[in-house]
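In: Predicted model and sequence follow; I will ask about them next.
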Amino acid sequence: MDEKELKEKIRQLIVEKLEKYKETELTEEKNSSPKYEINQRVITASDFENIEDYSYISIKSDAIITPLARETIKTKKLNVIFSDIKKDKIKIAIGSDHAGYKLKEELKTFLKLKGIEFFDFGTDGEERVDFNEYAYKVAKEVSDGNFDYGIIIDGLGIASSIVANKLSGIRATPCTDAKSAKISREHIWSNVLTLGSMILTVEKMREIVDTWLNTPYGKGRYERRVKKILELEKKLREI
């Protein structure tokens, strides 16, 4: 086989590989579309009785899934897709202390399903740590402009918000429901959300995060008031 024939053979192999990759990608895209839609607020195991294993199901992000239903999802290896989420091109820094670790793992799953890029700054387990360190790490990343937003989880969400708000440009708000999440974004342009694992269920956490991320900054009087906060911050730095 001369050089010309060898080059042609390599070219054909590359074309075949690309075609195969394209077919695989299209197949995966087709298979990833939801096959079943469940719209009710409370989802039980009986809702999955007639759904085949490995199917894709579409549900609302704030749906309440009973423990038995969760077990059924795992057993049948169902793929859950949230029908009301928005895929924004944003980056989120997340972190927690030991008390918030488990809820943070649930948060990571939720953000992956939303298609949102994030980085976990720890902690990496339930061994006792000081919340200060992780709240500072997340807030610092947002303050420096490396990430658009931050989400921090501890026992109540209050302690981390105190630490985060020490940094320039941070408006950290502890939220306990969708209403407080909406107002914190609209009224004061919250850019760091703090959550309490001791007072929130997984479903409530998802509802809060979804509302917080999808609520735009308010204009008019809200913008005027936030600008006053920024002006005060600037004056304090000059002292």
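Out: On my side now, so go ahead.

In: Any regions of this protein where pLDDT drops low?
Out: Across the chain, the ranges flagged by pLDDT under 70 are 1-4, 6-11, 13-34, 61-62, 82-88.

In: switch to 90 and redo it
Out: 1-43, 45-89, 113-115, 230, 233-239 (pLDDT under 90).

In: mind listing the strands for this structure?
Out: Under the criterion DSSP state E, strands of the chain are mapped to 36-37, 42-43, 56-59, 64-65, 79-82, 91-96, 117-120, 149-154, 172-174, 192-196.

In: okay, these in a markdown table with distance to Val202 next?
Out: Using the backbone N, CA and C atoms, a C-beta is placed for each residue, glycine as well. Putting the strands of the chain into a markdown table (distance: least, CB to CB, whole Å) gives the following:
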| stretch | distance to Val202 |
| --- | --- |
| strand 36-37 | 21 |
| strand 42-43 | 13 |
| strand 56-59 | 13 |
| strand 64-65 | 8 |
| strand 79-82 | 12 |
| strand 91-96 | 14 |
| strand 117-120 | 17 |
| strand 149-154 | 12 |
| strand 172-174 | 18 |
| strand 192-196 | 11 |
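
In: Which one of those lies nearest to Lys227?
Out: With CB to CB, the closest approach to Lys227 among the strands of the chain belongs to strand 172-174: 17.8 Å.

In: re earlier: could I get the strands of the chain as JSON lines with mean neighbour count and distance to Leu111?
Out: Below are these laid out as JSON lines (neighbours: other CB atoms under 10 Å; distance: least, CB to CB, whole Å):
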{"stretch": "strand 36-37", "mean neighbour count": "14", "distance to Leu111": "22"}
{"stretch": "strand 42-43", "mean neighbour count": "16", "distance to Leu111": "21"}
{"stretch": "strand 56-59", "mean neighbour count": "18", "distance to Leu111": "17"}
{"stretch": "strand 64-65", "mean neighbour count": "18", "distance to Leu111": "18"}
{"stretch": "strand 79-82", "mean neighbour count": "17", "distance to Leu111": "11"}
{"stretch": "strand 91-96", "mean neighbour count": "24", "distance to Leu111": "7"}
{"stretch": "strand 117-120", "mean neighbour count": "16", "distance to Leu111": "5"}
{"stretch": "strand 149-154", "mean neighbour count": "28", "distance to Leu111": "9"}
{"stretch": "strand 172-174", "mean neighbour count": "24", "distance to Leu111": "18"}
{"stretch": "strand 192-196", "mean neighbour count": "27", "distance to Leu111": "12"}
